[in-house]
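Student: fold the following for me, if possible:
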Amino acid sequence: MIQVNGMNDAKKKARFEIAARFKQLGITDEREMVAYIARHANVRADKRPTVSDLVSLLHVMDRQLAVTSNHLGAR
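Tutor: Residues are numbered from 1 along each chain as shown. Modelled structure (predicted):
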């Protein structure tokens, strides 16, 4: 869980972690990232994401990574 003193620090940390998750998921193209966020995050296009929005996206990504690793381990 993200626990940082400043709001800006928390956003920076969350964005850094999201970038790492994208790499783990094999999503490297910016258009693919935008499409992924549009499908899985509750952020309107005209609104900047809050720390809570970013953390929620991280949880979705973590669940997807867990499912992916479980499927790969079952082979």
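
Student: what about the helices in this structure?
Tutor: Remark: helices assigned in the chain by DSSP state H are 7-25, 30-40, 51-73.

Student: now render those helices as JSON lines, adding mean pLDDT.
Tutor: Converted to JSON lines, these look like this (pLDDT from 0 to 100):
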{"stretch": "helix 7-25", "mean pLDDT": "94"}
{"stretch": "helix 30-40", "mean pLDDT": "94"}
{"stretch": "helix 51-73", "mean pLDDT": "89"}
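
Student: any chance of those helices in TSV, plus mean neighbour count?
Tutor: Just so you know, the C-beta spots here come from the backbone N, C-alpha and C atoms, and that holds for glycine as well. TSV is the format used below for these (neighbours: other C-beta atoms under 10 Å):
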stretch	mean neighbour count
helix 7-25	15
helix 30-40	13
helix 51-73	14
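
Student: quick check: L58 touching F16?
Tutor: No: contact between L58 and F16 fails when scored by C-beta atoms under 8 Å: they sit 10.6 Å apart.
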